[in-house]
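In: Compute the structure for the input listed below.
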Amino acid sequence: MSHGLNLAQLEAVNHLGGPCLVLAGAGSGKTRVITHKIGRLIQAGLSAERIAAITFTNKAAAEMRERASQLVGKDAKKVLICTFHALGVRLLREDGSALGLKPQFSILDTDDITSLLKDCGTTTDTATARQWQWTISAWKGAGLTAEDALAQARDELERSTARLMALYQERLTAYQAVDFDDLIALPLKLLRDFPAVREKWQKKMGHVLVDEYQDTNATQYELLKFLVGERARFTAVGDDDQSIYGWRGATLDNLKRLPQDFPELKVIKLEQNYRSTSAILRAANNVIGPNPKLYPKTLWSDLGEGEPVRVAEGDNEDHEAERAVARIQSLRANSVHKEWRDFAILYRANHQARPFETALRRAQIPYKVSGGQSFFDKAEIRDLCAWLRLLVNNNDDPAFLRAVTTPKRGIGHTTLQQLGNFATQYKLSLFEALFSHSLGTAVNARAIAGLHEFGRCVNDLEYRARHTLGHEAARTFLTDWLKDIGYEQHLYDNEDSEKVAAARWNNVNEFCDWMAGRCGGQVGDETGAQDTDERTSTAGPSQGAGAPSGRSDPAKRQSVGATTLLEIIQTIALISTLSDREQDQNVLTLSTLHASKGLEWPHVMLVGVNEGLLPFKLDSEASDLGGESLAARLQEERRLMYVGITRAQRTLVVSWLKRRKKGRETVPGLPSRFIAEMALDQHTVKEDPREKLRALRAEFAARAQQNKAAAP
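Out: Residues are numbered from 1 along each chain as shown. Next up, the predicted model:
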């Protein structure tokens, strides 16, 4: 069970008797420690059902589940391995009735919340609603109620937002709905205020392992405390040097509080890195050095010195991109790593990707942009999917709320609140409540007429979709439906820019073509669906980010039988999981530093490392921030640089711009202070002239190829 573990890892795996903090430096094998500790706990006699491993992303949970399965076999299926929010859902589904929630409560997505806040705040401005959403989320993450926020408000803006939060919470309660932050805040309230529920869950949790502990916020820390209770059987695994999510509520105070709240805490450091060469780790250790340390540690590796970290200069963004492409081509020609997936270009902000995309397309290098918006995440597509989800499942309350209010049809929030209260009282879905004979006791006759009209519309659409077969019939159905509900007019009425409205309407038509193209095909025909988290590009013509690719190849269909439109609609829910099939594509990665955390590549280029980009806009905000806040921001930006450096396994190039775009202007560029902090001069190996000549030749070849491609 302990095969292949070093001494520090073994100590962490074998510490079973009390609270444990594992400070896992980058690339030090933290997932290995967690999975081996699951095995060790089972070996020691703890039932697998009483072990919980909690992380922050579905992807990380899936990886942990797979590795645990390889180590402990079928027992891994009994271990609760999930995200914090999935754990919150489980608590609320089982015991949320204590808070007045029915088991089928709805979870609102970002667009649903924005729409609800617009109505609560009587505004049509999306930016304002998003700002309210951000503020309310931060308050909930800090464990504040609307009353708490109002009491602590520093100015009228915060006071008005706190009052809006109170109204927003009333609407959520009436709709039997929660938002993402409630999936932590409400389980915390459940455990804190109901001793019987708390005792039940503490008995269930024989040992709790928390991955990426440095990313927890205040409410997640309190939730953990109530879950483990006085026995404090838990293992927190994290790295204070990789805490880069302060902007969304993560706090290093949780690391400081652990030894205070749990005096018997055992602290174990994992400092051996299995990922990077010594040259890369030295640069990383030097960069993170100036930050204050809760628990000092120094990464080391036995992978050898390796190639020196190189610093490159670009005249501007386009030149930097050209040099990056030339460097990649040279490395690929002279390295054992020949796959495009072995290369990554990392940057601070999304807008920095554009010149690299252009240069990569010209050089015919396939790539993906991590973190790009999926076609199916666009608001207009989510609107249509809500309607279609409701046809398939009338009990889908979030879909009901979105469909009944998009486009507007004279059904206001007072009516919906009354409907929600009625549905809660009689334990019905909103759609079921709509046709109840007793609804007149809660909703006036005029409002009921509007609700019934909507309900008949949904039922009629469901019947027609069930009997629609064939491409042309499906396209006619979808066209008639959009015309009947007035969706095109809705888009133009709610956009200030006619150009933006036209683009959104074009997306709608593209979606309908995609749906119709599958109707009458074969069951399982999903070959046209694209990623939801990444957009992929090749050298040839391509559609927008994640757009459906039109009609699929009939040869790829499974011969199971023709499908109706309703059956196609039922597969929409699967689209979000289809990206898993494409995760191992042989493409280069373009990614923000935040999105790169937890990943690694043999060859990394860290680009745009300029003052004002990394660290990001500190000087312009200095007047608005106090000294302590400014210092905290700089420390987090330094940790972000550290994360970028430690993504590299074999080679790392850091580049900066002599001139860079700032808005519509071009301004002189300064190398980031972090480049000097890497202290490369102390260990610089003089560049081999032959290597420099190869790089120049590759750069000239790339430019020649680009010129040839651009020629008419």
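In: Return the distance of D493 relative to L116.
Out: Taking C-beta to C-beta, to the nearest Å as the measure, D493 falls 19 Å from L116. C-beta coordinates here come from the backbone N, C-alpha and C atoms, glycine included.
In: okay, the two: which has more neighbours?
Out: Neighbour totals were compared for D493 and L116, and L116 leads with 24 against 12 (other C-beta atoms under 10 Å).
In: Which of the three states applies to the more buried one?
Out: The three-state label for L116, taken from DSSP: H, G, I helix; E, B strand; the rest coil, comes out as helix.
In: Same question for A631.
Out: helix.
In: Contact partners for it?
Out: If you count contacts by C-beta atoms under 8 Å, 6 or more residues apart in numbering, A631 has none.
In: burial count for R231?
Out: If you count neighbours by other C-beta under 10 Å, R231 ends up with 13.
In: Please disregard the earlier target; I meant Y463.
Out: Using other C-beta under 10 Å, Y463 is surrounded by 12 other residues.
In: Would you mind identifying the next helix or strand past the longest strand seen in the chain?
Out: For the chain, the strand reaching the highest residue count under DSSP state E is reported as strand 648-657. Past strand 648-657, heading to the C-terminal end, the next element that is a helix or strand (DSSP states H and E) is strand 659-662.
In: Give the buried residues for that next one.
Out: The neighbour-count criterion (16 or more other C-beta atoms under 10 Å) identifies R660 as the buried residues of strand 659-662.
In: what mean pLDDT does it have?
Out: In this model, strand 659-662 has a mean pLDDT of 85.
In: Adjacent strands (with direction) for the helix or strand just after that strand?
Out: Sequence-wise, the next helix or strand downstream of strand 659-662 (DSSP H and E) is strand 665-668. Strands adjacent to strand 665-668 in the sheet, as given by DSSP bridges, are strand 659-662 (antiparallel).
In: And the contacts of the partner strand?
Out: Around strand 659-662, the neighbours that count as contacts under C-beta under 8 Å, 6+ apart are 315-317, 608, 610, 612-613, 666-669.
In: quick check, nearest of these to Q272?
Out: Looking at the contacts of strand 659-662 and their distance to Q272, the nearest is G608, at 31.4 Å (C-beta to C-beta).
In: Please give me every residue in contact with that closest one.
Out: Neighbour list for G608: 317, 320, 347-348, 352, 614, 655-657, 660 [criterion: C-beta under 8 Å, 6+ apart].
In: ranges for the helices of the stretch 601-712 of the chain?
Out: If DSSP state H, counting those that start in this stretch is used as the criterion, the helices of the stretch 601-712 of the chain fall at 618-621, 627-645, 673-677, 689-710.
In: Repeat that for the stretch 251-400 of the chain.
Out: With DSSP H, counting those that start in this stretch as the criterion, the stretch 251-400 of the chain has helices at 253-261, 278-288, 317-333, 354-362, 379-392, 397-405.
In: Quick one: find the helix or strand in the chain with the lowest mean pLDDT.
Out: Taking mean pLDDT, DSSP states H and E as the measure, the helices and strands of the chain show their lowest mean at strand 534-537, namely a mean of 32.
In: Moving C-terminal from that strand, which element do we reach first?
Out: As assigned by DSSP H and E, the chain's next helix or strand after strand 534-537 is helix 565-570.
In: how far is that following helix from where the chain is centred?
Out: The chain centroid and the centroid of helix 565-570 are separated by 28 Å under C-alpha atoms, centre = their mean, to the nearest Å.
In: Strand partners (parallel or antiparallel) of the helix or strand just after it?
Out: If you walk from helix 565-570 toward the C-terminus, the next helix or strand you reach (DSSP H and E) is strand 588-592. When pairs are called by DSSP bridges, strand 588-592 turns out to pair with strand 343-347 (parallel), strand 367-370 (parallel).
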